[in-house]
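1. need a structure here:
(one chain, ligands or ions: 1)
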Amino acid sequence: MRLHTYWRSSASFRVRIGLGLKHLGFESVFVHLRRGEQKSPTHLAVNPQGLVPVLEDGDTVIAQSLAILEYLDEIHPDPPLLPKAPADRAHVRSISYAIACEIQPLQNLGVTKALGESFDADADGQARWSREMIERGLEAIEELLARHPATGTCCFGDTPSLADLCLVPQIYNARRFGVDTACFPTLARVDAHCREMPAFAAAAPEAQPDAD
Ligand SMILES: N[C@@H](CCC(=O)N[C@@H](CS)C(=O)NCC(=O)O)C(=O)O
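-> I've put the predicted structure just below:
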């Protein structure tokens, strides 16, 4: 398997954790987002969206981190990334989507760049935008997890699920943009617990060979 990835990409970080949890070896294809390599003809031929991550598994090419993770879960079910009961699966998916669909897209590189290019936001303004979008999103997820009876050492129970694979990279981004994560005690606790696990540690941005 080949993963098109960038060290600081939180969506790539999710997939790296999933591959690690499932003990799946992979070759990395590094796409330097700050240098614009995601818009190169070579990368666009792989993913016309011009985004990472992309997983290649033989002739199968999959973009979108959650689609990749569900694919991996279907072909390598152990350990599972989703619980068994439909209501529990929906709960884990709803936390995952709240992060992957409602927070991360508002603060990704393409959006902050557009704020600068089209709306005159300087670097401080772009960072403030990202911080506020992350804070707003995490507030709701903190509440969701704090009041749910199944929240354990991880987002759902005591083993990592798709929700933790989304949460830990988003908390990484939160710290990067100066969000005070102590305001989100449940999220901070789950994040600290998960980051102790080898698959999470090995997938961390700073542990990647392309970190610069
Ligand atoms: N929904 C996508 C998001 C992918 C995404 O936003 N990737 C970012 C890095 S985390 C990217 O490639 N950004 C490049 C750009 O915006 O130009 C997923 O989950 O894979």
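2. CA atoms for contacts and neighbours, from now on please.
-> OK.
3. Please parse this structure into its domains.
-> 2-79, 86-200 (automatic domain parsing).
4. I'd like the ones you listed laid out as TSV, including mean neighbour count.
-> Conversion of the domains of the chain to TSV gives the following (neighbours: other CA atoms under 10 Å):
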stretch	mean neighbour count
domain 2-79	18
domain 86-200	18
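5. quick one, which of those is nearest to residue 211?
-> Evaluated over these, closeness to residue 211 peaks at domain 2-79, with 5.5 Å, by CA to CA.
6. what about that closest one, near the ligand?
-> Yes: Domain 2-79 reaches the ligand (CA under 6 Å from any ligand atom) through 9, 10, 11, 33, 51, 52, 53, 64, 65, 66.
7. Run the chain-centre distance for that domain.
-> With CA atoms, centre = their mean, to the nearest Å as the basis, domain 2-79 stands 11 Å off its chain's centre.
8. could you point out the longest helix in the chain?
-> Longest helix of the chain, by residue count under DSSP state H: helix 123-146.
9. for the helix or strand following it, what is the average pLDDT?
-> Along the chain past helix 123-146, the next helix or strand (assigned with DSSP states H and E) turns out to be helix 162-176. Averaged across helix 162-176, the pLDDT comes to 98.
10. now the following helix or strand past helix 162-176 and helix 123-146, what's the angle there?
-> If you walk from helix 162-176 toward the C-terminus, the next helix or strand you reach (DSSP H and E) is helix 185-195. Computed by axes from the mean of the first three to the mean of the last three CA atoms, to 10 degrees, the angle separating helix 185-195 from helix 123-146 equals 90 degrees.
11. helices and strands around helix 185-195, which ones?
-> Where contact means 3 or more CA pairs under 8 Å, 6 or more residues apart in numbering; DSSP states H and E, helix 185-195 is packed against helix 123-146, helix 162-176.
12. what do you get if the cut-off is 7 Å, keeping everything else the same?
-> Here helix 185-195 is seen to pack against helix 123-146 when contacts are counted using 3 or more CA pairs under 7 Å, 6 or more residues apart in numbering; DSSP states H and E.
13. can you give me the mean pLDDT across stretch 30-46?
-> Over the span of stretch 30-46, the pLDDT mean works out to 97.
14. now do the same end-to-end measure for it.
-> Stretch 30-46 has an end-to-end distance of 13 Å (CA to CA, to the nearest Å).
15. Understood, closing this out.
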